[in-house]
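Colleague: just the structure for this:
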Amino acid sequence: MITNIPPMIAHQLLKYILPFFIVAGIIVSVTAQGANNSELNSLTACNEFSSSERQDVNTKDGKPDGVAFFIGNWQKVTKDFVDLELPIFVFVYANYKSDCQKMQRNVFEQKAVGEFFNRNFLSVKINLQTEDGFKFNNDYSLRDYPSYLFFHPNGELVYQSSGHMDAESFLALSSKALSLCQTKAKILKVAVSHEGEMEFNVADKYDNLYKKLIESNVKYGNGYYNPDFLYEYAYLLKKFNVPYQHVANQYLDVLPKNELSSTKNVEFVCDFADNIQSAAFNLLIKNLNYYSVIADEELVNKRIKEAVKMSVILAAANRNTKELEQAISVIKSANLPDVEEFEFLMRTTYFEKLERWQEFSTLAIAYFKDGNGADPNMLNVFSRKFAVYISNELKLEKALVWAKTLVNDKPSNFKYRETYSALLYRLDKTSKSLKEAEVAKALAQKKGLDYSSTLYLMESIRTQKKLSPSIIEE
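Modeller: Next comes the predicted model:
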């Protein structure tokens, strides 16, 4: 969802558009919410701050004073906003780091900082402690928080830094990053003919989409339910991360049944089967064989898994075991090719989100047993999670057996050696742990690989620091 609207649009929204949202029964919040939601509730809204931490930018005359962040997953940013041709700034934060909160409160809310970033960047913030945050962290091997990453509009990482700094230092760093991006972010020049060029503000693209959204909100609020309109409206809502399932459900309900098999509607069903409670998902499951042939079995299985996984995350957010079991029942009825493994992953995901490490570790030990025959990368990930989150010595010993199996099978894999080292460290075998980390470093150097994670691990061992979740790599 977009909770902080880009400054070039915010004034228009507040002055002209907000009343239409009220007419349509949709309320857009541009101020911080006061309720204290749990951290898990933030998972259901991708990377949105929990309300106890969320600091929406201060506004004056409808214009934000601070940085206007897009709050959504990284994949959506790189997919849906690439055509804006804006450099992208990413702020990666962790709830447990006070420096992250200080940056949000003392730097990002400053007017000068807001003006600079809102003019030159599409700004995104990602919570390290969410699923998307973990993946982003692993993709870019972040080791300190807060982290700041600057991307060229084509998605190429141009510059990065980390740590707390004052507003002046941060603006200096950001100005350097902007110059490296080699692009003008506020005004794009597009060649329109041999006669010359035209200039247009990037806000126009936002503006047109928002206008279309507002017009559709008003139509829908006035009872306009034409199938073609509902089809387009559902996709528009989804693009902006606004609740859309009710419209998708309504479209499928009013659609003549003989049109469900058209290519257009087969794609629609697959696109909106992202919630096990949705009409599209029910259609997919009830006609599984048909959609597997028409839309490709691999794509259908992937869609089912995505919907189930989201339901499991929501079940964890609601602390609802019944919802978990409902999602598990879908796994069993969908005839997935790897049903046992996927059920295991979903159950452990549920326990991990709730930080119920006792159940998490017991389930993992029962599934992997001695580790032989297990998928090596998955076994490595779970071994690392044991190193970070599990305190029971007997269970750590079990994970050590897994890691040793991985090292024996692939002695040249420095990541497996890192995991083995981390578990030795947790079992107070410091000397041996450091020795294994040195071997991992040498292996990485020999292959010309990035071994910054190994150096981080070695530093933690030498200084007797608690292992950070950042060592976990999917």
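Colleague: now L86, what are its backbone angles?
Modeller: The phi/psi pair for L86 (degrees, to the nearest 10) reads phi -100, psi 140.
Colleague: confidence score at it?
Modeller: L86 is assigned a predicted lDDT (pLDDT) of 83.
Colleague: with the one 3 residues further on instead?
Modeller: F89 is assigned 93 on the pLDDT scale.
Colleague: can you get me a residue count around it?
Modeller: F89: 23 surrounding residues under other Cβ atoms under 10 Å. C-beta here means a position set from N, CA and C on the backbone, and glycine is covered the same way.
Colleague: give me the distance between it and T348.
Modeller: Distance, F89 to T348, using Cβ to Cβ, to the nearest Å: 34 Å.
Colleague: give me the three-state assignment for S161.
Modeller: Of the three states, S161 takes strand according to DSSP: H, G, I helix; E, B strand; the rest coil.
Colleague: apart from its neighbours in sequence, what residue is nearest it?
Modeller: Y148 (5.1 Å; Cβ to Cβ, 6 or more residues apart in numbering).
Colleague: which residues touch Y291?
Modeller: Shown in contact with Y291 (Cβ atoms under 8 Å, 6 or more residues apart in numbering): 266, 269-270, 283-284, 300.
Colleague: what subset of these is buried?
Modeller: 266, 269-270, 283-284, 300 (16 or more other Cβ atoms under 10 Å).
Colleague: from those residues, which land in strands?
Modeller: When strands are assigned by DSSP state E, not one member of the buried ones among the contacts of Y291 lies inside them.
Colleague: against M346, how distant is the residue lying closest to R347 once chain neighbours are set aside?
Modeller: Excluding the flanking residues, the one nearest R347 by Cβ to Cβ, 6+ apart is L363, at 5.9 Å. To M346, L363 is 11 Å away according to Cβ to Cβ.
Colleague: need phi/psi at S391.
Modeller: phi -110, psi -20.
Colleague: what is the burial count for it?
Modeller: Using other Cβ under 10 Å, S391 has 10 other residues around it.
Colleague: what sits against it?
Modeller: Applying Cβ under 8 Å, 6+ apart to S391 gives the contacts W357.
Colleague: also L423?
Modeller: So L423 contacts 383, 386-387, 396, 399-400, 403 (Cβ under 8 Å, 6+ apart).
Colleague: in terms of helices and strands, where is it?
Modeller: L423 belongs to helix 414-426 when elements are defined using DSSP states H and E.
Colleague: still on that earlier bit, summarise which helices and strands the helix or strand containing the residue nearest to S161 is packed against.
Modeller: For Y148, the element it lies in under DSSP H and E is strand 147-151. Using 3 or more Cβ pairs under 8 Å, 6 or more residues apart in numbering; DSSP states H and E, the elements in contact with strand 147-151 are strand 88-93, strand 157-162, helix 167-181.
Colleague: gap between it and the chain center?
Modeller: 16 Å (Cα atoms, centre = their mean, to the nearest Å).
Colleague: and the angle for that strand with helix 167-181?
Modeller: Angle, strand 147-151 to helix 167-181, by axes from the mean of the first three to the mean of the last three Cα atoms, to 10 degrees: 30 degrees.
Colleague: report the mean confidence score over strand 147-151.
Modeller: Mean pLDDT, computed over strand 147-151, is 93.
Colleague: please apply the same query to stretch 264-274.
Modeller: 92.
Colleague: buried residues, it. List them.
Modeller: 265-266, 268-270, 272-274.
Colleague: next: stretch 286-301.
Modeller: Buried-residue list, stretch 286-301, by 16+ other Cβ under 10 Å: 288, 291-292, 294-295, 300-301.
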